[in-house]
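Q: could you work out the structure for the sequence below:
(one chain, ligands or ions: 2)
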Amino acid sequence: MPETKTAVPDTMMAWVLGNPGQLTLVDKPVLRPGPAEVLVRVDACAICATDLEVIHQGPPALPGGEPPFNRNFTPGHEYMGTVVALGPTVDEYAVGERVAVEIHAGCGRCERCRQGMYTSCLNYGQNEGEYSKGHRANGFTTDGGFAQYAVNHVNTLVRVADSLSDELATLIVTAGTAMYGLDVLGGLVAGQSLVVTGAGPIGLLVVAVGKALGASPVILTDIRDDRLETGQRMGADHVVNASREPAVDAVRRLNGGRGVHYVVECSGAPDAVNEAVKMVSRGGRICLAAFAHTPALVDVEHIVTNNIYLFGIRGEGRSAVRRAASLMAQRKIDVSPVHTHTFPLDELPTALRYSRERIEGAIKVVVKPQMASG
Ligand SMILES: [Zn+2]
Ligand SMILES: [Zn+2]
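A: Ligands and ions are numbered 1, 2, ... in the order given. Next up, the predicted model:
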C-alpha cells in the first residue's frame, strides 16, 4: 500500500473574515479529503489585488452565493504546498509531492465544464449543503489559502518543479492566467506583435509568457517607471510610460506605424478598451483580463468597422496552469522579479498593507503558513 497520509493535526491556524476589512487568526478544524480530493499543507500563499477587494468589499467572493463576511470564511487563492493526505480513489498524486493549486474546480457536469471552460462553470458557488454540485473556487466560494491546510480536488493540482521555490511556485497560477489570456486570442503568438497594458502581476506574467512563446515585439505600457523596469527584466522589448506620451501613438511608432496583432488589457483603466482598439490593426484581437470598476463608454463603430475581436477571461482556464508550470520548470520564464516580499502567516495584516500600499516597491507579497513568526 502506498503511504496515504502523514501526521496531520486536527486543528490549524487560519485567518477568517469578519466584517469588511476585519481579519482574525483563529483555530479551525483541518478538513479530511473526500473522494478525488487531497489535503494540501499550504507552504506559501501570495496576495492578489482581488484578495484586497474580497477582504474590504466582498465580491467577487460569494461563498454560498452570499457576501463573504461573518461566515467563518478564509480568503486567499494563489497558493501552493505539499500533499499530506489522499482521499479515497486518489492515485494521481502521492503524499509528499509539491503542488500548486488552480483556483477553480468546476462542477464537471454543466455545459461549460464539459467544454473545458471550468472557470465559467454554470454552477458557480454551488458547493454547500444538500444541493452541492461540487463547484469550488478557493478563496472565493470555498475556503482559501491564508491557512495552514486546504482540501483540494485533484483536477486543480499541478506539480511543482524542484528547482522552483515555494514563493515563486505561487506565481504558477498567475502565469496560467496569462497563458489562458493568450489562448483565447488564438494561442499562435510566435512572430506576432503583442501589447500588454498594465504592469501588475498578471500583465508582467503576460509579458513573460508571450515572450517565451515567441511574440515579437512585446510592448508593455504602464504609468509607473519601476514597474516598467520590472517588465523589461521579464522580457518586454519596449516599454511605454503612458503618463508621459500617448500610449496609442507610442505603440504604433514602435511597431513600424502599424497596429499590433494582439492586446492583453491588464490595467482596468477607464479608457483602456478604447485605447486597446486603437492599438490593434484591423482584424486585431484584444483580451480583457483586468477587473475594471467603472462601466466604460466604448467606441463600437471603430470596433465594428475594423473587425476587432474582444474577449473577456475569468481566471486560469483550459489547463493553462499546467502549461505555464511547464514553461517555468523548463526555465523559459523567470518569475523571480515579480516576487518581492515574504511574511509568516501571522503577519498577514502587515503583508496586506505592503501589497496595498506597495511599500518598498512591493509587487507580489507572499505569506508562509509553516514559517515561524519572527
Ligand atoms: Zn488572484
Ligand atoms: Zn460546471
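Q: could I get the full set of strands for the stretch 151-300 of the chain?
A: Ranges of strands in the stretch 151-300 of the chain, per DSSP state E, counting those that start in this stretch, are 157-159, 194-197, 218-222, 238-241, 260-265, 280-288.
Q: next structured bit after the last one?
A: In this case it means strand 280-288. helix 300-305 (DSSP states H and E).
Q: list the contacts of H77.
A: 48, 50-51, 103, 137-140, 144-145, 173 (Cβ atoms under 8 Å, 6 or more residues apart in numbering). (C-beta placed from N, C-alpha, C; glycine too.)
Q: what sits closest to it if chain neighbours are left out?
A: G139 (3.3 Å; Cβ to Cβ, 6 or more residues apart in numbering).
Q: give me the residue at the spatial middle of the chain.
A: In the chain, the residue lying closest to the centroid (Cα atoms, centre = their mean) is T174, at 3.7 Å.
Q: about what we covered before: just the closest of the contacts of H77 to ligand 2, please.
A: Nearest to ligand 2 among the contacts of H77 is A137, at 11.2 Å by Cβ to the ion.
Q: I103 is in contact with the closest one, correct?
A: Yes - in this structure, A137 is within contact of I103 by Cβ atoms under 8 Å, at 5.6 Å.
Q: pretty sure A14 contacts A150?
A: No - if you go by Cβ under 8 Å, A14 and A150 don't touch, sitting 9.1 Å apart.
Q: common neighbours of those two, please.
A: D143.
Q: the residue nearest to the centre of the chain reaches V206, doesn't it?
A: No - using Cβ under 8 Å, T174 makes no contact with V206, being 9.7 Å away.
Q: okay, now the residue in the stretch 151-300 of the chain positioned nearest to ligand 2: neighbour count?
A: In the stretch 151-300 of the chain, the residue that lies nearest ligand 2 is N155 (11.5 Å; Cβ to the ion). Neighbour count of N155, defined by other Cβ atoms under 10 Å: 17.
Q: before we move on, what about W15?
A: Neighbour tally, W15, other Cβ under 10 Å: 26.
Q: that one in helix, strand or coil?
A: Three-state call for W15 (DSSP: H, G, I helix; E, B strand; the rest coil): strand.
Q: hang on, it packs against L23?
A: Yes - contact criterion Cβ under 8 Å: W15 and L23 qualify, at 4.9 Å.
Q: give me the common contacts of those two.
A: With Cβ under 8 Å, 6+ apart as the test, W15 and L23 both reach 146, 348.
Q: so where's this protein shaky on pLDDT?
A: 1-5, 374 (pLDDT under 70).
Q: and it, what are its domains?
A: By the assignment in automatic domain parsing, the chain contains the domains 11-103+138-160+335-368, 174-312.
Q: centre of the chain to the first one, how far?
A: By that I understand domain 11-103+138-160+335-368. Offset of domain 11-103+138-160+335-368 from its chain centre (Cα atoms, centre = their mean, to the nearest Å): 12 Å.
Q: and if you look at the shortest one?
A: Here domain 174-312 is found 17 Å from its chain centre; the criterion is Cα atoms, centre = their mean.
Q: any part of it near ligand 1?
A: No - Domain 174-312 does not reach ligand 1 (Cβ under 5 Å from the ion); its nearest approach is 6.8 Å.
Q: can you list the residues of the protein near ligand 2?
A: Within the chain, the positions adjacent to ligand 2 are 106-107, 110, 113, 121, 123 by Cβ under 5 Å from the ion.
Q: try 6 Å this time
A: Counting by Cβ under 6 Å from the ion, the chain comes close to ligand 2 at 106-107, 110, 112-113, 121-123.
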